[in-house]
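In: Pasting the sequence and the predicted model now:
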Amino acid sequence: MSHSGDYDGSIVTILDQLRVTADLQGLAIVDLAQDAADAPVAYCLGDVGTDIIDRGRALLVAAPDRPTHLRGADNRPLIACPWTLPPGRPGGLLLWRASGSPPWTDTDRALCAAVAMLLRTVISAGMGQIGIDRLTAIPNRRWFLDEADRHIDRLDRDGTVGTLSLVDIDDLRQVNHAAGRAEGDRVLVRMASQLRATVRPGDLVARVGADEFAVWQNGMDHLTAAERADALCRNPAFQDGPDGLGVKFSVGIASRLPGSGEDVRAVLRRAHMAAREVKTNGGGGWRVGRVEPLPRCSDP
């Protein structure tokens with residue numbers, strides 16, 4: 001089911017290959033810009049645990065000009081490779097191994113530093129081509145479709161439901177017209193930060209359209225997703241904008257049952273249809289789309 005073959009040059013593939021080559025338990029791209037303070041993890045792959053991200057952030061802040069390493073409280077070796085993306089957005093790459101793994105060797109540290117430098121160069125040169133939205137620094141549609149299908153494959157093996165929420169900003173054109181494009185961009189950046197702050201590191205948040213964001217959450221049903229959508233629609237951070245303009249959202253929710261045979265594109269279409277129904281009725285709300293039934297077995 002995975003579509004990773006379509007994106008052999010994507011950042012997802014690069015990071016997967018790094019995890020295998022360096023025998024990593026997990027890795028994360030961290031954004032330390034001020035507008036991402038509440039949700040610094042732009043991408044995460046593998047088992048995060050309890051304190052890896054916090055310790056990694058501390059390493060990146062303490063040594064912003066060179067890679068550093070330590071062992072976490074759970075005895076997992078961690079390396080932090082800092083970078084600054086133009087036009088001055090600090091962050092870096094965190095890489096860690098399983099608890100009790102041998103210490104990092106000089107070869108390990110050199111490999112991690114080289115990969116971090118390569119990622120920084122590639123991201124700076126063309127974020128959209130490798131899966132990152134330049135404005136919000138979160139995954140774009142290309143990355144999301146590829147990675148969500150990987151999640152679906154795992155959920156099918158585990159027999160677990162997954163839910164996609166599509167967040168469509170109703171008033172972005174009005175904000176751009178009334179207050180300028182810069183203010184509209186700030187709304188998009190704030191939305192990305194808010195969504196990242198509400199999910200677990202292993203869940204997916206992406207900008208999948210000019211004014212659309214997608215959130216994929218493993219093991220979450222449509223009822224819990226609806227509660228979160230309602231909280232987002234009522235979030236005071238978006239109620240009062242420039243010149244008295246508030247921002248409303250139309251949220252479409254689509255759950256996928258394990259074994260349904262749907263890929264992420266099919267789930268995204270259902271979520272998009274649900275969001276469109278909300279928008280047609282004035283926006284500023286959420287709707288759960290129809291759940292696709294499991295395929296029926298043929299009679300013997």
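Out: Nice, thanks for sending it over. Note that this is a predicted model, so its numbers are computed, not measured.
In: how many neighbours does Gly252 have?
Out: Using other Cβ atoms under 10 Å, the number of residues around Gly252 comes to 28. For every residue, glycine as well, the C-beta is placed using N, CA and C.
In: typo on my end, Ala178
Out: Neighbour tally, Ala178, other Cβ under 10 Å: 15.
In: just checking, what packs against the helix or strand it falls within?
Out: In the assignment (DSSP states H and E), Ala178 maps to helix 172-179. Counting contacts by 3 or more Cβ pairs under 8 Å, 6 or more residues apart in numbering; DSSP states H and E, helix 172-179 packs against helix 181-197.
In: I'd like the next helix or strand past the helix it packs on.
Out: Per DSSP H and E, the first helix or strand lying C-terminal to helix 181-197 is strand 204-209.
In: Give the other helices and strands that that following strand contacts.
Out: Right, strand 204-209 is packed against helix 141-158, helix 181-197, strand 212-218 by 3+ Cβ pairs under 8 Å, 6+ apart.
In: pLDDT averaged over the first one, what's the number?
Out: Helix 141-158 shows a mean pLDDT of 88.
In: That one vs strand 204-209, what angle?
Out: 140 degrees (axes from the mean of the first three to the mean of the last three Cα atoms, to 10 degrees).
In: So which bits of helix 141-158 are buried?
Out: Residues 141-152, 155-156 are the ones in helix 141-158 that count as buried (16 or more other Cβ atoms under 10 Å).
In: between that helix and strand 212-218, how many degrees?
Out: Using the same axes, to 10 degrees: helix 141-158 against strand 212-218 is 20 degrees.
In: now the second one
Out: Interaxial angle, helix 181-197 versus strand 212-218 (the same axes, to 10 degrees): 10 degrees.
In: Please put the alpha-carbon coordinates of helix 181-197 into CSV.
Out: What follows is helix 181-197, C-alpha atoms only, in CSV (Å, rounded to 0.1, in the frame of the first residue of the first chain):
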residue,chain,number,x,y,z
ARG,A,181,-0.4,38.8,3.1
ALA,A,182,2.0,38.9,6.0
GLU,A,183,-0.9,38.7,8.5
GLY,A,184,-2.3,35.8,6.5
ASP,A,185,1.1,34.0,6.7
ARG,A,186,1.1,34.6,10.5
VAL,A,187,-2.3,32.8,10.7
LEU,A,188,-0.9,29.8,8.8
VAL,A,189,2.2,29.7,11.0
ARG,A,190,0.1,29.9,14.2
MET,A,191,-2.2,27.2,12.9
ALA,A,192,0.7,24.9,12.3
SER,A,193,2.0,25.5,15.8
GLN,A,194,-1.4,25.0,17.4
LEU,A,195,-1.9,21.7,15.6
ARG,A,196,1.5,20.4,16.4
ALA,A,197,0.9,21.2,20.1
